[in-house]
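A.B. asks: got a predicted structure plus its sequence, pasted below:
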Amino acid sequence: MATSLFLSRHRSVRASGVFERIATPAAGGALHAELARALLRARDAGIANPIAIGAIPFDTTQPAELLVPEHSEFFNRDTLRPLAALPLAPVVASTSIPGEERFKQGVRQAVANFAHSDIRKAVLSRVLEVELAGRADPAAIFASLAAQNPTGFQFRIPLSSGAELVGVSPELLLRKEGAHIVSNPLAGSARRQPDADSDAAAGGALLQSPKDLREHRYVTDDIRRLLAPLCATLDVPEQPSLLSTNAMWHLSTRIEGTLRDPAQTSLQLACHLHPTPAVCGYPTDLARKLIDLVEPFDRGLFAGVVGWCDADGNGEWAVTIRCGKVQGNTIRLFAGAGIVADSCPDAEWAETQGKLGTMLRALGAARPSASANVATAAEAA
Ligand SMILES: C=C(O[C@H]1C=CC=C(C(=O)O)[C@@H]1O)C(=O)O
């Protein structure tokens, strides 16, 4: 069984061996008691500081992909030696599901729907099925991804099917340490530009864009609504700031709070927030129905939650975006975009192209963006 990795500026975790796998779906809440029991069993079996690491799917009625490893260690990402570049099989084909026209049609359909319903935002996504000339090696993809994207949350999660989830998410859903919690939602995006002046202008325009500010607001308002009753203090800045990845600018809000009841685990809190309007829409249940209607594939773990949690409930969970599922000779990449009333189908398609660039560059299948050379990207949380 391959190593699980979750890297963060905060605490990074490396885990190996399987003490127990937990597949109980997150919906309904039984998962949390099941996880607490598994961590107790691990302690009884002599594992000193047991943790759970893994991912929860977008649709929380589907099985979780969590495991309690036999061995785990925390380390400081800055002390990690750069991972050696490993040979990657070249990309031979790629297919978008849906294709360009059908995706844009979906955007039109969503916008038309807003006029006749209470839905204000829906996040529509697509898959890019990428075929390599040989086996897609998750270690090689992860090494390339980590070298090109030193910030954010890099993850590598071996799945029960034998496939692996690999990615670098810029978005913190929830971190908990004692009573202190942080969430850093992102929504509203613009592509990075090759030269420094136009790149700075693209970021500046995003910060002023009424469409993107609205798209962002749905997320922060919803997170505030869900966290406020649980918190003694909660700070939600009125205006977003900018966060950059190697491919994209995003509107970002760092939300910080103090829990009234620190006994709630980081995974319980992450599941309480999931799915936020950054990956689903607003209002959540109606947006989910629209997504089911429009998207011609199952999201699986994409747009879910990925991270770790210890036996005290402390932990860190990112939103599972900028990622792919690696199996055999193929890697299934995912990207979505928030659709609101004034969304333009061409721009939303281009946004998904930009987001896919992060994984495609790691596969050596996209031109390196000049923007990747622009000074250090800001980092979530
Ligand atoms: C759904 C994705 O991004 C989310 C996170 C940041 C910005 C987003 C946006 O501007 O639409 C999305 O809400 C994705 O990267 O696939």
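C.D. replies: That came in fine, so what should we check first?

A.B. asks: what residues does stretch 141-154 touch?
C.D. replies: With C-beta atoms under 8 Å, 6 or more residues apart in numbering as the test, stretch 141-154 has contacts from 5-9, 82-86, 88, 156, 166-170, 172, 245-246, 306-307, 316, 318, 322, 324, 326, 331, 358-359, 361-364, 372, 376-380. Every residue, glycine included, has its C-beta placed from N, CA and C.

A.B. asks: so which of the residues you listed belong to helices?
C.D. replies: Using DSSP state H, the members of the contacts of stretch 141-154 that fall within helices are Thr358, Met359, Arg361, Ala362.

A.B. asks: looking at the residues you listed, which is nearest Ala30?
C.D. replies: Met359 (33.4 Å; C-beta to C-beta).

A.B. asks: so that closest one makes contact with Gly324?
C.D. replies: Yes: assessed by C-beta atoms under 8 Å, Met359 is found in contact with Gly324 at 5.2 Å.

A.B. asks: find residues that contact each of the two.
C.D. replies: Gly167, Ile331, Leu333.

A.B. asks: looking at the protein, which helix or strand does the model trust least?
C.D. replies: When the helices and strands of the chain are scored by mean pLDDT, DSSP states H and E, helix 138-148 comes last with a mean of 93.

A.B. asks: all helices of the protein, in order?
C.D. replies: Using DSSP H, helices in the chain cover 30-44, 100-115, 138-148, 196-208, 210-227, 266-273, 284-294, 345-362.

A.B. asks: least confident of those, on average?
C.D. replies: Comparing mean pLDDT across the helices of the chain, the weakest is helix 138-148, with a mean of 93.

A.B. asks: can you list the buried residues in that one?
C.D. replies: Residues Pro138, Ala139, Ala140, Ile141, Phe142, Ala143, Ser144, Leu145, Ala146, Gln148 are the ones in helix 138-148 that count as buried (16 or more other C-beta atoms under 10 Å).

A.B. asks: which residues does Val168 contact?
C.D. replies: Counted by C-beta under 8 Å, 6+ apart, Val168 has contacts Leu145, Ala146, Asn149, Gly152, Phe153, Gln154, Phe155, Thr245, Arg322, Cys323, Thr358.

A.B. asks: ok, so of those residues, who is nearest the ligand?
C.D. replies: Nearest to the ligand among the contacts of Val168, counting by C-beta to the nearest ligand atom, is Arg322 at 5.6 Å.

A.B. asks: name the nearest residue to the closest one, ignoring sequence neighbours.
C.D. replies: Leaving aside its sequence neighbours, Arg322 sits nearest to Thr358 (C-beta to C-beta, 6 or more residues apart in numbering; 4.7 Å).

A.B. asks: before we move on, what about Ala26?
C.D. replies: Thr60 (4.1 Å).

A.B. asks: about what we covered before: which one of the shared contacts of Met359 and Gly324 has the most neighbours?
C.D. replies: Gly167 (30 neighbours; other C-beta atoms under 10 Å).

A.B. asks: does that one touch Lys325 like I think?
C.D. replies: No: with contact defined as C-beta under 8 Å, Gly167 does not reach Lys325; the gap is 9.3 Å.

A.B. asks: separation between the residue nearest to Arg322 and Ala15?
C.D. replies: Distance of Thr358 to Ala15, computed by C-beta to C-beta, to the nearest Å: 24 Å.

A.B. asks: flag the shaky bits of the chain, pLDDT-wise.
C.D. replies: Within the chain, the stretches with pLDDT under 70 are 1, 367-381.

A.B. asks: what does it have sitting close to the ligand?
C.D. replies: Within reach of the ligand by C-beta under 6 Å from any ligand atom, the chain has these residues: 123, 125, 171, 186-189, 250, 278-279, 321-322, 335-338, 355.
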